[in-house]
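*Asks:* Below: sequence and its predicted model.
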Amino acid sequence: MKTQKMVIIITLAASCLVISILTIIIGGISITSMRKVDDTLYYINERQFAPVIEIGRANEMLQRQRISIREMIIGAAADDLEMIERARDLSDVYHEIMQEILNNYSITITFPYEMELFHEARRLYENEFRAGLMLVYESAKNGDDINELYPLMREYTAVVNQITENLDACLEMKKALADELVYNSYNINDTLIMLLIMAIVLMLITNVGVTLFLTLYTAFSISNRLRKD
């Protein structure tokens, strides 16, 4: 009798131990995987999607400064110094926003080629575009011939186009990396689901096996006892 009880106790303990080990393993894998997914999503949001929005804002600030240049030229044609100064003030506001955007974006750069494109765009913006804007401003304020201002504006159109092209290339790299990270996250989720399914199947097999063993063992024990009686 004691032997039978010991067998049942050992069997139940072993089954509980197996289920507990499986639960701990799968739980640990699940927690680790979920944390990895969360970290990936946070990285995508902070280092990929947010900079994408910043690139859009940078292009907007660049175009607004181009409008300021046009307003300076219009002000010069109308001999309106107030309009010229207002356009200059607005361009300075847009410039400050632009600098903040570029500073924020610079810390999210991932690839060497992205860094090269970004630094070239920033150099063109700070050393050529802004210099051209100030040259137009000084010429407009001093009442220079309006016909001399239009060539300056056309000259820096190519600079603006190159800046925009570089920033758009950086944008595409961010999007490509974000797509790759999202795809990897889906793979992690698929793996996690498969592990959970395997764990459930193993637990079911263990439970069925233990139940079947106990049933057969109990039936065998009762049968032996009846034969002895």
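*Replies:* Perfect, thanks for sending it.
*Asks:* Surely M72 and D89 touch.
*Replies:* No: assessed by CB atoms under 8 Å, M72 is found out of contact with D89, at 11.1 Å. For glycine as for every other residue, the C-beta is placed from the backbone atoms N, C-alpha and C.
*Asks:* what secondary structure does D79 sit in?
*Replies:* Counting by DSSP: H, G, I helix; E, B strand; the rest coil, the backbone at D79 sits in coil.
*Asks:* Name the SS class of the nearest residue to it once chain neighbours are set aside, please.
*Replies:* In space, and not counting its chain neighbours, D79 is closest to G143: 7.3 Å by CB to CB, 6 or more residues apart in numbering. On the three-state scheme (three-state DSSP), G143 is labelled coil.
*Asks:* Return the per-residue confidence for G143.
*Replies:* Reported pLDDT at G143 in the predicted model: 80.
*Asks:* Give the burial count for it, as a bare number.
*Replies:* Burial of G143, expressed as a neighbour count using other CB atoms under 10 Å, amounts to 11.
*Asks:* ditto for F111
*Replies:* Burial of F111, expressed as a neighbour count using other CB under 10 Å, amounts to 14.
*Asks:* Tell me how far it lies from Y105.
*Replies:* As for F111, its distance to Y105 is 13 Å (criterion: CB to CB, to the nearest Å).
*Asks:* what's around E165, how many residues?
*Replies:* E165 is surrounded by 12 other residues when neighbours are defined as other CB under 10 Å.
*Asks:* Okay, and it sits in which element?
*Replies:* Following DSSP states H and E, the helix or strand that holds E165 is helix 149-228.
*Asks:* what about that helix, average pLDDT?
*Replies:* Per-region confidence: helix 149-228 scores 70 on mean pLDDT.
*Asks:* Start at 516, not 1
*Replies:* Yes, from this point I'll number from 516; that puts the last item at helix 664-743.
*Asks:* pLDDT score assigned to the residue nearest to I624 when sequence neighbours are not counted?
*Replies:* If the residues on either side of it in the chain are set aside, I624 comes closest to M630, at 4.8 Å by CB to CB, 6+ apart. We have a pLDDT of 89 for M630.
*Asks:* Fine by me, we can end here.
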